[in-house]
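J.: A structural model of the following input is requested.
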Amino acid sequence: MTDLPRREFLAAAGLAAAAMTAARDARAGDPSFMNNVPDSILDGDELPTFKYELEKSEGKVIGGSHGKEATVEQLPISKGLAGVSMKLEPGAMRELHWHATAAEWAFIVGGRVRTTVIAPDGTAETNDFNPGDVWYFPRGHGHVLECLGDEPARFILIFDNGYFSEFGTFSISDWLGLVPRPLLAKNFGLPESAFDGFPKGEVYFARGAVPPEVSRPPLQGWKTPALTHRYELLKRPPHRTFQGGREWRVDSSTFPISTTVAGVVLDLEPGGLRELHWHPTADEWQYVIEGEVSVTMFGSRGRYRAETLSKGDVGYIPQGYGHSIENVGEGPCRVLIGFNSGIYAAIDLSQWIAGNPADILAKNFGKPAELFEKFPREDVFVAPAKED
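T.: From the prediction side, this is the model:
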């Protein structure tokens, strides 16, 4: 090391390693690094599209079950969150698997689902989910999803990493199909013949009999975790109710295990507006369950974009970008919203203006102070449709 003293060389190496770690963590969806890594997708003179027609995509189809995903592959702006629309036919199961790079948050749209999840400490929990319920599985925890009853199950999965892919998860059949049988026999203390007829590749959707109404205990018996993976969101009163709509909200303050994802179900009446606002600590992933909405996004430097999202479409708003959601359809709408933070946080435009003295607002906009005395004195949150 003739060019640099050893101490300077090590310091430079440490800085380079830290930069690489920051970039890697940002790529993996860690929001604490998001503002330290320039995003070329958002650097242009115009904002990119933030809409993806998820339900019109082909996805993976096996029998009457399917999975359709929206990641950075399909929607390049969505680096912090990804989502999957999944349908399980009666008797179908999303096989035993885990996600190495993302936690999983889900909302049940229709039908019923049974899940079993295991944690590194050996605890396991089986839960049955109904429409309006939510689950959360931490990153890397093994789990399985089963359709219950004779009706198909429909649910939306949200992952705290936009680079995650549902079709690149770690499935048990894929793994066991690749391990030599002598190694499997040694691992489980069984004869090699015990593995005759096992799948040679990933099953993904396994199909068989409809599960019993009462779940059976695991082979090792029950050892339940300290925190449940289930939350009955829509059985609770709305977090906020307004003339133009209502909102249910869940984050780690009410669902403690959900440390990296918060969720909202937003209902808007025709003409109702979720007012202009931004989220200082999280990206926002939107899925339109019902209706049609106009979503606007403000991106600084004179950039503004509006997209119309219909049933089955996905929208994405990066952390800190101003936006609004308005019901532009003829009937009520419902939007599922996920955030890559365990704590929900937002600043609304009406709230911001009401938090400033009239003389400051007058100077900022070059208008009489009396004008701002007419503005709302509290957070609007949802504005109803204007009367004719």
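
J.: Let me see the ranges of the helices in the chain.
T.: Ranges of helices within the chain are 6-27, 172-178, 181-188, 349-354, 358-365, 369-372, based on DSSP state H.

J.: Show me what the mean pLDDT comes to for the first one.
T.: Mean pLDDT, taken over the full extent of helix 6-27, equals 47.

J.: Any regions of this structure where pLDDT drops low?
T.: Scanning the chain for pLDDT under 70 picks out the ranges 1-38, 388.

J.: how about a cut-off of 90?
T.: Applying pLDDT under 90 to the chain picks out residues 1-40, 167-168, 216-223, 378, 386-388.

J.: show me the contacts for residue 337.
T.: For residue 337, the contacting residues are 263-266, 284-287, by C-beta atoms under 8 Å, 6 or more residues apart in numbering. In this view, the C-beta of every residue, glycine as well, is placed from N, C-alpha and C.

J.: Break the protein down into its domains, please.
T.: 51-231, 236-383 (automatic domain parsing).

J.: Generate CSV for the ones you listed, with distance to residue 41 as supplementary columns.
T.: Shown next, in CSV, are the domains of the chain (distance: least, C-beta to C-beta, whole Å):
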stretch, distance to residue 41
domain 51-231, 5
domain 236-383, 9
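
J.: and of those domains, who's closest to residue 42?
T.: Residue 42 sits nearest to domain 236-383 of all the domains of the chain, at 6.4 Å, using C-beta to C-beta.

J.: picking up where we left off before, could you dump the contacts of residue 337 into TSV with neighbour count and distance to residue 313 added?
T.: Formatted as TSV, the contacts of residue 337 follow (neighbours: other C-beta atoms under 10 Å; distance: C-beta to C-beta, whole Å):
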residue	neighbour count	distance to residue 313
263	25	18
264	21	17
265	21	16
266	24	15
284	28	14
285	29	12
286	24	8
287	24	8
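
J.: Out of these, flag the one nearest to residue 130.
T.: Comparing the contacts of residue 337 against residue 130 with C-beta to C-beta places residue 265 closest, at 14.3 Å.

J.: just to revisit the earlier point, any idea which of the contacts of residue 337 is closest to residue 203?
T.: Residue 203 has its nearest neighbour among those in residue 287, at 26.7 Å by C-beta to C-beta.

J.: Test my guess that the closest one contacts residue 81.
T.: No: Residue 287 is not in contact with residue 81 according to C-beta atoms under 8 Å; the separation is 10.7 Å.

J.: ok, what's across the strand from the residue most central in space within the chain?
T.: Geometric centre of the chain, nearest residue: residue 158, 2.7 Å, by C-alpha atoms, centre = their mean. Beta bridges link residue 158 to residue 83, residue 105, judged by DSSP bridges.

J.: distance of it from residue 166?
T.: The gap separating residue 158 from residue 166 is 11 Å, by C-beta to C-beta, to the nearest Å.

J.: do the same with residue 241
T.: Relative to residue 166, residue 241 is positioned 35 Å away (C-beta to C-beta).

J.: of those two, who's got more company?
T.: Between residue 241 and residue 166, residue 166 has the larger neighbour count (other C-beta atoms under 10 Å), namely 25 against 12.

J.: what sits against the more buried one?
T.: Contact analysis of residue 166 by C-beta under 8 Å, 6+ apart lists 60, 67, 69, 82, 84, 157.

J.: Pull the number of nearby residues for the first one.
T.: Burial of residue 60 is recorded as 15 neighbouring residues (other C-beta under 10 Å).

J.: show me where the stretch 1-150 of the chain has strands.
T.: Remark: strands assigned in the stretch 1-150 of the chain by DSSP state E, counting those that start in this stretch are 51-52, 60-62, 65-70, 82-88, 92-98, 104-110, 112-118, 124-129, 133-137, 142-148.

J.: burial of the closest residue to residue 383 other than its chain neighbours, as a residue count?
T.: Using C-beta to C-beta, 6 or more residues apart in numbering and skipping the chain neighbours, the partner closest in space to residue 383 is residue 273 (4.3 Å). Other residues within reach of residue 273, judged by other C-beta under 10 Å, total 23.

J.: repeat for residue 235
T.: The tally of other residues near residue 235 (other C-beta under 10 Å) stands at 10.

J.: Quick one: residues contacting the closest residue in space to it that isn't next to it in sequence.
T.: Leaving out its chain neighbours, the residue that sits closest to residue 235 by C-beta to C-beta, 6+ apart is residue 132, at 6.5 Å. Counting by C-beta under 8 Å, 6+ apart, residue 132 touches 107-108, 232-235, 265.

J.: Any chance of the backbone angles for the residue nearest to residue 333 when sequence neighbours are not counted?
T.: Closest residue to residue 333 apart from its sequence neighbours, by C-beta to C-beta, 6+ apart: residue 291 at 2.5 Å. Backbone torsions for residue 291, taken as degrees, to the nearest 10, come to phi 100, psi -160.

J.: show me the contacts for residue 291.
T.: By C-beta under 8 Å, 6+ apart, the contact set of residue 291 is 268, 310-311, 327, 329, 331-335.
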